[in-house]
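1. quick one: sequence and predicted model below, then my questions.
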Amino acid sequence: MFLRIFVYKLKELSRKYWLVGWNFVFPLVLATAFFLGFGNMVKEDPDTLQTFDVGYINELDESAGFEQVLEELSEENDEGTVLLNLHTYSSKKKAIEDMNSDEIYGFYVESEDGIETVIRFNGYVSTIMNEIVREYNNYTDVISDISKDHPEKVADAIDAISARDGFISEHNFGNNTSQYLQYFYALLAMTSLFSSWISTTMLEGMCANMSERGKRVECSPASKFVSIAAGILAGTLLQIVSNIIVVIYIQYILRINLGVPMGTMIVLCSIGSGLGISAGILMGSMIRNERLLVTVPLFFTMTCSFFSGLMWGQIKQLLQYNCPIINKINPAALLTDAMYIRSTYGPTDEFYQDTFIMCLMIVGCLIVSTLFLRRRKYVSL
């Protein structure tokens, strides 16, 4: 009986053109609008660390260790990125000419007096260049001190330094997440909450006080719990498919890297779909007015989406600073935050906390909805 009702509900919901339009087509249109608006800013985020060109001049009579460090930084690391492109010069004159013509950002001069850094102007690249020299000097000072006090431990110290993954590298939090990606995360959260319409539509056809078909369902010998459970599963499956289509469209058609592994993204979308369905079940169990069954889920979805940063990206940060509890009870903000944290910092404790809160919300909505639906009694049908 459960499987039969599930299949029928799947067919019934998929044949509602307005539902297909809002849950399947509208997110694709909005994703395209976001891409046209600031897609290039996501692909070429100005805050992302870019490879820069530097020069090097060796005024020593022998090969220097600092040159080897720069050559190491010019190689591709485990994350597939290169920190700098190294250009070797024999004189300062040629290096200055290339720096003035924007061929290189700056250059190093290594001599008996130490390492001199020559830059065109101050900025984050000059900070990185100076940091490379500072770290190199720290390492050489450590080795020098050890060779004076404990010469027998010099080899161990060199091995310990060599065992590091790299001399200096960008701390990779994931995929250099762009601030504009949060709009796509908020879009996926909005799409998930759109499934609340699926729930209210489903309950309208299953409750006797909402439609003539509901009266027939109430009088049927089929268990009401089984019928609602099958409908919930059908609606959740439809919404998961909708979310996956949107993810694939953004990731592979628009070529916007969401920064979250596909498996994790499917799990998050499934939780978001379940959250939207359970919220819709709760609304449908409490509301009996036919018009409110449309307007309340819409108001709920758009309000949550607004406070998750769909229309104004900074709203979440303002709420986090002034009233953080709102971000913890807003399902769209929780889903957006979980995606952002996973793409930026990885599976941290806060990521699991957001996921756990969403699961609690699903269970809570279903428990409260069950209490409301079980209490419904009718004088006659």
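-> Nice, thanks for sending it over.
2. where are the low-confidence patches of the stretch 101-250 of the chain?
-> 124, 147, 149-177, 204-224 (pLDDT under 70).
3. which residue ranges form the strands in it?
-> Under the criterion DSSP state E, counting those that start in this stretch, the stretch 101-250 of the chain contains strands at 106-111, 114-119.
4. and the first one with strand 114-119, angle?
-> What separates the directions of strand 106-111 and strand 114-119 is an angle of 160 degrees, with axes from the mean of the first three to the mean of the last three Cα atoms, to 10 degrees.
5. buried set for strand 106-111?
-> 106-110 (16 or more other Cβ atoms under 10 Å). Quick note: C-beta positions are derived from backbone N, CA and C, even for glycine.
6. note down every partner strand of that strand and its orientation.
-> Applying DSSP bridges to the sheet, strand 106-111 is found paired with strand 52-58 (parallel), strand 114-119 (antiparallel).
7. buried stuff in the shortest one?
-> Within strand 114-119, the residues that qualify as buried by neighbour count (16+ other Cβ under 10 Å) are 115, 118-119.
8. ranges for the helices of the stretch 51-200 of the chain?
-> 65-73, 92-100, 124-149, 154-162, 181-193, 196-204 (DSSP state H, counting those that start in this stretch).
9. so in terms of bridging, what pairs with the residue lying closest to residue 59 once chain neighbours are set aside?
-> Excluding the flanking residues, the one nearest residue 59 by Cβ to Cβ, 6 or more residues apart in numbering is residue 111, at 4.1 Å. As for beta bridges, residue 111 partners with residue 114 under DSSP bridges.
10. wait, isn't residue 249 in contact with residue 28?
-> Yes: with contact defined as Cβ atoms under 8 Å, residue 249 and residue 28 form a contacting pair (5.6 Å).
11. so which of the strands paired with strand 106-111 gets nearest residue 244?
-> Closest approach to residue 244 among the strands paired with strand 106-111 (Cβ to Cβ): strand 52-58, 38.6 Å.
12. and that closest one, what's buried?
-> Buried-residue list, strand 52-58, by 16+ other Cβ under 10 Å: 52-58.
13. so it versus helix 124-149, what angle?
-> 40 degrees.
14. any idea of the angle strand 52-58 forms with helix 65-73?
-> 160 degrees.
15. start at 272, not 1
-> Sounds good: first residue 272 from here, last item strand 323-329.
16. a markdown table for the strands of the stretch 372-521 of the chain, including distance to residue 340?
-> Formatted as a markdown table, the strands of the stretch 372-521 of the chain follow (distance: least, Cβ to Cβ, whole Å):
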| stretch | distance to residue 340 |
| --- | --- |
| strand 377-382 | 10 |
| strand 385-390 | 10 |
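17. for those, which one sits closest to residue 408?
-> strand 385-390 (7.5 Å).
18. angle of that closest one against helix 363-371?
-> Going by the same axes, to 10 degrees, strand 385-390 makes 40 degrees with helix 363-371.
19. alpha carbons of strand 385-390, as CSV, please.
-> Provided in CSV are the C-alpha atoms of strand 385-390 (Å, rounded to 0.1, in the frame of the first residue of the first chain):
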residue,chain,number,x,y,z
GLY,A,385,72.0,39.6,3.1
ILE,A,386,68.8,39.6,1.0
GLU,A,387,67.4,42.9,-0.3
THR,A,388,63.8,43.2,-1.5
VAL,A,389,63.0,45.7,-4.2
ILE,A,390,59.3,46.4,-4.9
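20. mean confidence for stretch 524-533?
-> Across stretch 524-533, the average pLDDT comes to 87.
21. show me what counts as buried in that stretch.
-> So for stretch 524-533, counting by 16+ other Cβ under 10 Å, buried means 525, 527-531.
22. hang on, the earlier thing: so which of the helices of the stretch 322-471 of the chain is nearest residue 636?
-> Comparing the helices of the stretch 322-471 of the chain by Cβ to Cβ, helix 467-475 comes nearest, at 9.6 Å.
23. excluding chain neighbours, what is closest to residue 521?
-> Using Cβ to Cβ, 6+ apart, the closest residue to residue 521 is residue 527 (5.0 Å).
24. make sure that neighbour is indeed in a helix.
-> No: going by DSSP: H, G, I helix; E, B strand; the rest coil, the assignment for residue 527 is coil, not a helix.
25. phi and psi next, for it.
-> As for residue 527, its main-chain torsions (degrees, to the nearest 10) stand at phi -100, psi 110.
26. isn't residue 322 up against residue 345?
-> No: counting by Cβ under 8 Å, residue 322 stays clear of residue 345, with 9.1 Å between them.
27. the more surrounded of these two?
-> residue 345 (15 against 11; other Cβ atoms under 10 Å).
28. hmm, the more buried one is touching residue 353, no?
-> Yes: the pair residue 345 / residue 353 is scored as a contact, 6.5 Å apart, by Cβ under 8 Å.
29. got any residues that touch both of residue 322 and residue 345?
-> Shared contacts of residue 322 and residue 345, defined by Cβ atoms under 8 Å, 6 or more residues apart in numbering, are found at 353-356.
30. of those residues, buried ones?
-> Buried, going by 16+ other Cβ under 10 Å: 354-355, out of the shared contacts of residue 322 and residue 345.
31. out of the shared contacts of residue 322 and residue 345, which two sit at the greatest distance?
-> Farthest pair in the shared contacts of residue 322 and residue 345, by Cβ to Cβ: 354 and 356, 9.1 Å.
32. identify the contacts common to those two.
-> Going by Cβ under 8 Å, 6+ apart, residues that sit against residue 354 and also against residue 356 are 322-323, 345.
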